[in-house]
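Engineer: this one's structure only:
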């Protein structure tokens, strides 16, 4: 069973469209994250949710809206897509945000969604 | 601004040699440190985590942490061509987010 899964794996769309990426984890973790990896391979946090509550919202345009229906799912909706949004988006999860136990702050990554905006 | 710095490489070593990857971090509040390996087109895969000063060994991998110098390293012994990948160093402070370096590309030649 895949621990952290994302759909779709590839997404090609036109500028101005709205798209969503879904993420699910079956690890029983409390915390989930969205990262963006640009063309230079730099991996940067976008959002994190802990038990469905938004904890971290880095300086991301408000065209990006995360939603967590339950602690096993974290979706990312992007409005009015721009060329600069082209990147690989990774979902990740960890057992908890505070790292109370050794290893509980370890993050496990999904396979990524390659978004191409034309 | 919290930063993690890595030499982008490429670092080239012959098969069987020791590869040494280095990383420095700016935030003294960081408490956990991670090395991830990322093959081209794949997701980051955890190699090692380290929380205390000193060395931590796991098979051919040894992570070293020096909090006074704000320095983390990863040694790969008996390097194999399959170790060729980008290695990402990351630092974490509780309640915040993983801060990644830009990665070091390792090439192991047979």
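Structural biologist: Great, that's in hand. Please read these numbers as outputs of a predicted model, since none were measured by experiment. Numbers count the residues shown, from 1 in each chain, chains lettered A, B, ... in the order given.
Engineer: and chain A, which residues reach chain B?
Structural biologist: A:33, A:40-45, A:48, A:55-56, A:58, A:90, A:97-99, A:102-103, A:105-112 (Cβ under 8 Å from any Cβ of the partner chain). The way it works is simple: take the backbone N, C-alpha and C, and place the C-beta from them, glycine included.
Engineer: From the residues you listed, which land in strands?
Structural biologist: A:33, A:43-45, A:48, A:55-56, A:90, A:108-109 (DSSP state E).
Engineer: Pick out whichever of the residues you listed sits closest to residue B:11.
Structural biologist: residue A:43 (18.9 Å; Cβ to Cβ).
Engineer: Who does that closest one form a beta bridge with?
Structural biologist: Taking DSSP bridges as the rule, residue A:43 bridges to residue A:37.
Engineer: residues in contact with it?
Structural biologist: Residue A:43 is in contact with A:35-37, A:90, B:44, B:88, B:100, B:103, counting by Cβ atoms under 8 Å, 6 or more residues apart in numbering or on different chains.
Engineer: Would you mind measuring from the residue most central in space within chain A to residue A:66?
Structural biologist: For chain A, the residue nearest the mean C-alpha position is residue A:34 (2.5 Å; Cα atoms, centre = their mean). For residue A:34, the distance to residue A:66 equals 6 Å [Cβ to Cβ, to the nearest Å].
Engineer: Show me what from chain B comes close to chain A.
Structural biologist: Close to chain A, as judged by Cβ under 8 Å from any Cβ, chain B has residues B:31-32, B:34, B:36, B:38, B:42-46, B:49, B:51, B:86, B:88, B:92, B:94-100, B:102-103.
Engineer: what about the strands in chain B?
Structural biologist: Under the criterion DSSP E, strands of chain B are mapped to B:4-6, B:11-14, B:19-25, B:32-38, B:45-50, B:54-58, B:61-66, B:71-76, B:85-92, B:99-100, B:104-109.
Engineer: Now for the chain, the helix or strand with the poorest mean pLDDT.
Structural biologist: Using chain A here. For chain A, using mean pLDDT, DSSP states H and E, the weakest element among its helices and strands is strand A:53-57, scoring a mean of 85.
Engineer: looking at chain B here, not the other one
Structural biologist: When the helices and strands of chain B are scored by mean pLDDT, DSSP H and E, strand B:99-100 comes last with a mean of 92.
Engineer: strand partners of that strand, parallel vs antiparallel please.
Structural biologist: Partners of strand B:99-100 in its sheet, by DSSP bridges: strand B:85-92 (antiparallel).
Engineer: tilt between the partner strand and strand B:104-109?
Structural biologist: Strand B:85-92 and strand B:104-109 are oriented at 150 degrees to each other (axes from the mean of the first three to the mean of the last three Cα atoms, to 10 degrees).
Engineer: Residue B:75 touches residue B:22, doesn't it?
Structural biologist: No. The pair residue B:75 / residue B:22 is not scored as a contact, 10.0 Å apart, by Cβ atoms under 8 Å.
Engineer: what about the helices in chain A?
Structural biologist: Remark: no helices are assigned in chain A by DSSP state H.
Engineer: pLDDT score for the residue of chain A found nearest chain B?
Structural biologist: As assessed by Cβ to the nearest Cβ, chain B sits closest to residue A:45 within chain A, at 3.8 Å. In this model, residue A:45 is scored at 91, pLDDT.
Engineer: How many residues are close by the closest residue to it other than its chain neighbours?
Structural biologist: Nearest non-adjacent residue to residue A:45, counting by Cβ to Cβ, 6 or more residues apart in numbering or on different chains: residue B:97, 3.8 Å away. When neighbours are defined as other Cβ atoms under 10 Å in any protein chain shown, residue B:97 has 22 of them.
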